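A.B. asks: Okay, predicted coordinates and the sequence, questions at the end:
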Amino acid sequence: MTEITYPKKPNTPVSHLPFSPCVKVGNLLFVSGQASVDATGKIIFDTFEGEFQRSMGNLIAILETAGTSLSRVVQTRCYVDNGDDLPEFNRLYAAAFPAPYPARTTIGQCFRGKLKFEIDCIAIVD
């Protein structure tokens, strides 16, 4: 039977909602949506770039907690609330994930103006 684990360290970003930050199944890591939150789980509102960078920092912390990195991400789902932010999103995303890029789905108009960005992913853990 394949083992299921829930990697967590003291620096793992937290949420007050009922979900695990990540779940490891075999050598696959499923990372829940990471938004612009601080270490206590409080939402930090910012510019699009600020929210993107904070979300990515949280994603990176979770990947590192599980023993992997952005270079091992195989799929992302990105949530961009405002379509006007898509050009900036693509520029920032391309800088965070150099080619060849992970598979990606981008969903828009999903936060009703509360958050500007969120990302989840699937990564390989060696």
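C.D. replies: Sure thing, it's come through.
A.B. asks: Next one: E88 from T106, what distance?
C.D. replies: According to C-beta to C-beta, to the nearest Å, E88 stands 13 Å off from T106. Quick note: C-beta positions are derived from backbone N, CA and C, even for glycine.
A.B. asks: What of K8?
C.D. replies: 28 Å.
A.B. asks: F45 now?
C.D. replies: Where T106 is concerned, F45 sits at a distance of 21 Å (C-beta to C-beta).
A.B. asks: what does T76 give?
C.D. replies: Separation of T76 from T106 (C-beta to C-beta): 9 Å.
A.B. asks: Kindly report the same for L17.
C.D. replies: L17 is 22 Å from T106, where distance means C-beta to C-beta.
A.B. asks: Now name the helix or strand holding the residue nearest to A35 when sequence neighbours are not counted.
C.D. replies: Nearest-residue entry for A35: E118, 4.4 Å, with adjacent residues in sequence omitted and distances by C-beta to C-beta, 6 or more residues apart in numbering. Per DSSP states H and E: E118 is located in strand 117-124.
A.B. asks: What residues sit buried inside that strand?
C.D. replies: Residues of strand 117-124 classed as buried: F117, E118, I119, D120, C121, I122, A123 (neighbour count, 16 or more other C-beta atoms under 10 Å).
A.B. asks: Need phi/psi at the closest residue to H16 other than its chain neighbours.
C.D. replies: Computed as C-beta to C-beta, 6+ apart, the closest residue to H16 that is not its neighbour in sequence is G41, at 5.0 Å. Dihedral pair for G41: phi 90, psi 0, per degrees, to the nearest 10.
A.B. asks: residues in contact with G41?
C.D. replies: Taking C-beta atoms under 8 Å, 6 or more residues apart in numbering, we find G41 in contact with P13, V14, S15, H16.
A.B. asks: before we move on, what about R54?
C.D. replies: Neighbouring residues of R54 by C-beta under 8 Å, 6+ apart: A35, S36, V37, I44, D46.
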